[in-house]
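1. sequence? don't have it. structure:
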């Protein structure tokens, strides 16, 4: 029997520049990963901000949705990005200084495109 019935409906990632200078979607949490979940990524100190959080399975940014964006001042050190997705559909990411271990920034993205609790029973009635 499964303990967790909730999974990510789409992959989550960030936009980054590849070695050839083109933007690409880097998937950090794959579609169908059980939630809640978190993943970590060590970022280069010269990373260009803002950080854009994406939803979708494609590497090409034209085919993914940007679900959030935040601008941070890079303290000139490697940063640890912690991307999370909870069972309520809230996406979080925090930036932690690699050397200082202090929080540089973070955001929470409540998915407004998701159905509300009030809309769910209405859909079940339509099917009957």
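-> Arrived safely, thanks for sending. This structure is a prediction, so every number in the text was calculated from the model and none was measured.
2. hang on, residue 62 is in a strand, isn't it?
-> No - Residue 62 is assigned helix when assessed by DSSP: H, G, I helix; E, B strand; the rest coil, not a strand.
3. Next, count neighbours for it.
-> 7 (other Cβ atoms under 10 Å). Every C-beta, even on glycine, is put in place using the N, C-alpha and C of the backbone.
4. Next one: it from residue 23, what distance?
-> 9 Å (Cβ to Cβ, to the nearest Å).
5. so where do the strands sit in the protein?
-> Secondary structure of the chain (DSSP state E): strands located at 12-17, 23-29, 37-43, 51-55, 65-70, 79-85, 90-97, 103-110.
6. Partner strands of the fifth one and their direction?
-> Next to strand 65-70 in the sheet, as set by DSSP bridges, lie strand 51-55 (antiparallel).
7. for the strand it pairs with, what is the average pLDDT?
-> Strand 51-55 comes out with an average pLDDT of 89.
8. which residues of the chain score low on pLDDT?
-> For the chain, the stretches flagged by pLDDT under 70 are 1-4, 45-49, 73-75, 110-128.
9. can you tell me how far residue 32 sits from residue 16?
-> From residue 32 to residue 16 the distance is 23 Å (Cβ to Cβ).
10. What is the neighbour count of the residue nearest to residue 10 when sequence neighbours are not counted?
-> Leaving out its chain neighbours, the residue that sits closest to residue 10 by Cβ to Cβ, 6 or more residues apart in numbering is residue 55, at 4.6 Å. If you count neighbours by other Cβ under 10 Å, residue 55 ends up with 22.
11. in the sheet, who's paired with residue 55?
-> residue 12, residue 65.
12. Test my guess that it contacts residue 65.
-> Yes - judged on Cβ atoms under 8 Å, residue 55 makes contact with residue 65 at a distance of 4.7 Å.
13. Touching, residue 18 and residue 24? I think so.
-> Yes - in this structure, residue 18 is within contact of residue 24 by Cβ under 8 Å, at 5.0 Å.
14. So these two - more neighbours on which side?
-> residue 24 (17 against 10).
15. if I look at the more buried one, how far off is residue 84?
-> The value you get for residue 24 to residue 84, if Cβ to Cβ is used, is 22 Å.
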